[in-house]
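J.: Sequence first, then the predicted structure:
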Amino acid sequence: MYGGAMTHVTARDDALATDEMTRLIGLPFNDSDDVIRAAVAEASVPSLLMSMVHMTGDVGLLDELPKPFMLIAMDLQGGMSEPDKQAVRDRAFDVICDYRDRGCPPPFVPDAAQLQTMLNVMSAGQVTAEYLDYVAADLRFSDADQRGPVLASTAEQRSEFPVVVIGCGEAGLLAGIKLKHAGVPFTIIEKQASVGGTWQANRYPGCRVDIANQYYAYSFEPTDHWSHYYSEQPEILKYLNDVMERYDIAPHVRFQTEVTRAQWNERTGSWQVTIRTDDGRDESLTARAVICAVGQFSNPVVPNIKGASDFEGPAFHTADWRDDVDLTDKRVAVIGAGASGFQLVPAIADQTAQVDVYQRTAQWMAPNINYHAAIPDPARWAIRHLPYYGRWLRFVSWWPIADALDEQVTIDPDWDSGGLSSSAANHGIREMFIAWMRVFCSDEELLKKVTPNYPPMGKRTLQDNGTWLTTLQRDDVELINDGIAEITADGVRTIDGVHRPADVLIWATGFDVNHQLGPINVRGLDGLALNDAWSDAPYAYLGVTVPKFPNFFCMFGPGTNAVNGASIIYNSECQMRYILGCIDMVLANNARYAVPRAEVCADYNRRNQERLKTMVYTHPAVASYYKNSSGTVPTLYGFRIFDYWNWTNRPNPDDYELQS
Ligand code: NAP
């Protein structure tokens, strides 16, 4: 329980002694009034308001000043009017100068009641007492998230428990950081040449994150790294490289090496992991546990369209980008207008002679004025220096898109809109999204083509600042929504008989998320193959552990994709905390392994799928890559992120069979 100042001040004082905590909360400063004035002018006003409380220790300030109207992740300004924002900025300038002049003393940390008061103001009453621990941990008022479970095993036990991690994307890297911290030996096997996973593979032009980077970042790293609110792929890759270097994880990684098989050996109580090196040699590693951090987006799909192999020019998937293909003055056919195509087309249109975009289904886009916006330097100064400002900016980025969206994604069984929306609240979103499209397009024919005929948020919602529709209105870009009849040697023919020539063909056709292991052959108790057990309906308890697969842990596994509002990195941190708890549970009980009880896992997945049946993702009008052959959505997570944080705090031994 977040006990407020009595408990966390002690933790904070210890922690504050470290550079790390100071980096996280805000570095002391002695800058000029001009620097402060510029920062105040560019800052997120709700976050500034909270930082002022940390600088003064005066929660009463919040009664005197205007408040956010409603938190909106996309504008970071809480829907406040200009005069209201100005009133806060004026006061903030004085408060910050005074704080500087006092020598930047350790900032005030609220007790539970004071935090509730701050949150009442910040979230317009949405954050109730139930969420206090969860929010306090992410704001770093308590150390609960970072400490992880209190380990009952000995350091010696942990040092004799080798782990193999499959994949070095954000999750595999995180696993390495946390295992290293806990003194567990590990080897990460990564098929690509360096860290990054999906951010290494997807380097098509325009590729960028669609969750604000304040949230799409490790919670234990400061958030002043980013030059943009939603950074492009090279910056994310650099971030992951920087983090890998900072925690010195590279010596533990074998790059350009693939895991082909992992077989549980009941006699030795360990996994035999077969790896294939870049030069084709097979090797075998022995591990007490395997962490599968391949994620859900590592298997690109190229659809089986007639003539696909007849195309004579370069043809490649967005996740397999060909740096050697120069698109200058080329006619390019892009098949698919989902998240990848939507980012790619505007980024190449200036270079190419013509882009033809083949869209099977229109996608919903959410208005986001910050989507391509750089974070001005003064605003970065605020993140780096103003006490807890960066943490609150992160809160403004995540709270509105996480559990706060519940109503909009729930199906009202009595709501009838002919499949266009799933409830009154969802319909409101639909109208808001359409109004946003009309800001950028008055061509009714194009608007008809790009307006989805299914409820908003039923699939991953794209972030939009108008670039997509502006691009589609160029003379040298065409959106085609007639079905594709065939691919020819030099172009694409649609079912209306029109043939459009192309020099390059790009598949922006997504991933097979329901077979996330791809060709990796994982065999558990009694030789059971995980790909057979899962088929196209993968399951895992809390998305992490699988019955009959001892000491086998997934990250971004089945049932963990919170489609519309979560940071995969945040969820990975929850999973890794849980995995460490499981390892500790095995060791502290002198067990060989733990497997989740089949009935516990089945019940969890049943409840998750039941809940998802009430949500827009399973609405009959929504066709998405999440749905498997039987129409369920096994990769999705339907509950609150808050619940996930709670449930993954540490394993409940009753949920597991511990084998001695
Ligand atoms: P996607 O959203 O599934 O889009 C694939 C596109 O290909 C869709 O337009 C799909 O049409 C089309 N398509 C598939 N098979 C086709 C066929 N046989 N004929 C014609 N069109 C076909 O895949 P994605 O764009 O790669 O994105 C996948 C996920 O990756 C996203 O949902 C997101 O979670 C993640 N992602 C995130 C970002 C980001 O902004 N951070 C960027 C890229 C990807 P239908 O819609 O009709 O199926």
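T.: Great, that's in hand.
J.: near the ligand at all, stretch 319-326?
T.: No. Residues of stretch 319-326 are not located near the ligand by Cβ under 6 Å from any ligand atom, the shortest gap being 7.1 Å. Just so you know, the C-beta spots here come from the backbone N, C-alpha and C atoms, and that holds for glycine as well.
J.: what does that stretch rub up against?
T.: Stretch 319-326 is contacted by residues Thr198, Ala201, Asn202, Arg203, Tyr204, Phe297, Pro300, Pro314, Phe316, Ser340, Val504, Phe511 when judged by Cβ atoms under 8 Å, 6 or more residues apart in numbering.
J.: Out of the residues you listed, the closest to Asp654 would be?
T.: Phe297 (33.7 Å; Cβ to Cβ).
J.: Run a quick neighbour tally on the nearest residue to Leu525 once chain neighbours are set aside.
T.: Spatial nearest neighbour of Leu525, chain neighbours left out: Lys548 (4.5 Å); criterion: Cβ to Cβ, 6 or more residues apart in numbering. With neighbours defined by other Cβ atoms under 10 Å, the count for Lys548 comes to 17.
J.: check contacts around Lys548.
T.: Under the criterion of Cβ under 8 Å, 6+ apart, the contact list for Lys548 reads Gly524, Leu525, Asp526, Leu528, Ala533, Val595, Ala598.
J.: Give me the phi and psi angles of the third one.
T.: So the one you mean is Asp526. When quoted as degrees, to the nearest 10, the phi and psi of Asp526 stand at phi 60, psi 20.
J.: who's in contact with it?
T.: For Asp526, the contacting residues are Lys548, by Cβ under 8 Å, 6+ apart.
J.: how much space between it and Gln263?
T.: Asp526 is 12 Å from Gln263, where distance means Cβ to Cβ, to the nearest Å.
J.: cool, the last one as well?
T.: According to Cβ to Cβ, Ala598 and Gln263 sit 21 Å apart.
J.: Helices of the stretch 51-200 of the chain, start to end?
T.: In the stretch 51-200 of the chain, the helices defined using DSSP state H, counting those that start in this stretch lie at 61-64, 82-101, 112-122, 132-139, 144-147, 155-159, 170-182, 198-201.
J.: Revised request: answer the last question for the stretch 351-500 of the chain.
T.: The residue ranges that make up the helices of the stretch 351-500 of the chain, judged by DSSP H, counting those that start in this stretch, are 377-385, 389-398, 424-440, 444-450, 467-472.
J.: Of those, which is nearest Ala562?
T.: Among the helices of the stretch 351-500 of the chain, the nearest to Ala562 by Cβ to Cβ is helix 389-398 (11.4 Å).
J.: how big is the angle separating that closest one from helix 82-101?
T.: Between helix 389-398 and helix 82-101, the angle formed by their directions is 150 degrees, by axes from the mean of the first three to the mean of the last three Cα atoms, to 10 degrees.
J.: Return the distance of helix 389-398 from the chain's centre.
T.: Helix 389-398 sits 15 Å away from the centroid of its parent chain (Cα atoms, centre = their mean, to the nearest Å).
J.: One more: stretch 542-552?
T.: Between the centre of stretch 542-552 and the centre of its chain there are 22 Å (Cα atoms, centre = their mean).
J.: do the same with stretch 592-603
T.: Counting by Cα atoms, centre = their mean, stretch 592-603 comes out at 27 Å from the chain centroid.
J.: what's the answer for stretch 303-322, then?
T.: The mean C-alpha position of stretch 303-322 is separated from the chain mean by 28 Å, Cα atoms, centre = their mean.
J.: What of stretch 533-544?
T.: Offset of stretch 533-544 from its chain centre (Cα atoms, centre = their mean): 20 Å.
J.: i'd like the first residue to be 30 from this point on
T.: Done: numbering now begins at 30, and the last item shifts to stretch 562-573.
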